[in-house]
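Engineer: Kindly generate the corresponding structure for this input.
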Amino acid sequence: MIPTIIILVLATIAVAAFVLAPRLGERRILYPTSPDQPVPFGYQMSWLAIRTRDTNAVVEALGLIGAKPCNWNSGIGTVYDAKLGQSNVFVCPHVNGWTFVVGLPLPQPLGRSFADKATPLLVELGQRFVEVQFFVAFPPVDLFAWARLVDGRLLRAFAIGDDGVIWNKGKPTREERTLGLTRFEMRGVRDRRGDAGGPMILHPTEDHVMRLAGKWSLDPTSLGPSSAPAAMGLIAQAPAHWRVERLRRTA
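Structural biologist: Here you go, the predicted model:
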């Protein structure tokens, strides 16, 4: 009798798991529909700052997939999640007329071995919005970048990675000069050589990128409840053509 009861209990649990698992799976990707106030971001992240209040226009311009309402806390949490952050970007509610698009799936300037998908995207956005800015601060691979387009014109684009300078377009802006970003002595090291005797490659820091963003638009690490009223943003999948593409070497 007891074995029969145990079998029935186990069968009931199995059926319940089979029925409820899909619902629980869906629940993991459902986002709160309650508006909330801005949440800071920026470190180990890339983002666009677009001068517009129209988040739907941004989603359309970027070709994002399956956009759905999402509040600040869940949106920023998603793009920083180790798994969900690989394919999702968060289009934030506008703050003082700026709409942020946050996520590592954004096309990145990765060097001459990779297809440059960032520049064409920025130029295209620059044709649709009065001002577009782009920032990357990702120390794990020593990648730092910033770009600014106004009235469709690329004023400045700079990126540096582990192998050295990737972008250097336009003249350094006054804000860059003020922050000392025209020099590569970013870590307080002068005339120092590496262990093998070669010159050291010096990089900006995350704080440099945040401070420059603050001068050009808004420092995302300074966002908080007082930055803007409670509102909803949009979480969406990055389009497939943004994926990293290594260039083929010709013989």
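Engineer: Hmm, Arg153 and Gly170 touching each other?
Structural biologist: No: taking contacts as CB atoms under 8 Å, Gly170 lies outside contact range of Arg153: 9.2 Å. C-beta here means a position set from N, CA and C on the backbone, and glycine is covered the same way.
Engineer: more crowded one of the two?
Structural biologist: Gly170 (15 against 10; other CB atoms under 10 Å).
Engineer: Local confidence estimate at the more buried one?
Structural biologist: pLDDT recorded at Gly170 is 95.
Engineer: If the nearest residue to it once chain neighbours are set aside is in a bridge, with which residues?
Structural biologist: The shortest distance from Gly170 to any non-neighbouring residue, by CB to CB, 6 or more residues apart in numbering, is to Arg156 (4.1 Å). With DSSP bridges as the criterion, Arg156 is bridged to Arg148.
Engineer: and Arg156, what is it in contact with?
Structural biologist: Trp146, Ala147, Arg148, Lys169, Gly170, Lys171, Pro172, Thr173, Glu176 (CB atoms under 8 Å, 6 or more residues apart in numbering).
Engineer: So which of those belong to strands?
Structural biologist: Trp146, Ala147, Arg148, Lys169 (DSSP state E).
Engineer: didn't the third one look like it was pressed against Thr173?
Structural biologist: Yep, that's Arg148 we're talking about. Yes: with contact defined as CB under 8 Å, Arg148 and Thr173 form a contacting pair (7.2 Å).
Engineer: Tell me how many other residues crowd Phe138.
Structural biologist: Using other CB under 10 Å: Phe138 sits among 18 other residues.
Engineer: For the closest residue to it other than its chain neighbours, which residues are in contact?
Structural biologist: Leaving aside its chain neighbours, Phe138 sits nearest to Gln44 (5.7 Å; criterion: CB to CB, 6+ apart). For Gln44, the contact set (CB under 8 Å, 6+ apart) comprises Tyr80, Ala137, Phe138, Pro139, Pro140, Glu206.
Engineer: Report the separation between the third one and Ala236.
Structural biologist: Distance, Phe138 to Ala236, by CB to CB, to the nearest Å: 21 Å.
Engineer: Then the first one?
Structural biologist: In this structure, Tyr80 and Ala236 are separated by 16 Å, where distance is defined by CB to CB.
Engineer: For the two, work out which one has more neighbours and name it.
Structural biologist: Between Tyr80 and Ala236, Ala236 has the larger neighbour count (other CB under 10 Å), namely 25 against 17.
Engineer: if I've got this straight, that one is in a strand?
Structural biologist: Yes: judged by DSSP: H, G, I helix; E, B strand; the rest coil, Ala236 forms part of a strand.
Engineer: I'd guessed it sits against Asn56; true?
Structural biologist: No: counting by CB under 8 Å, Ala236 stays clear of Asn56, with 11.0 Å between them.
Engineer: Isn't Leu179 up against Leu212?
Structural biologist: Yes: the pair Leu179 and Leu212 qualifies as a contact (CB under 8 Å) at a distance of 6.0 Å.
Engineer: Great, nothing more from me.
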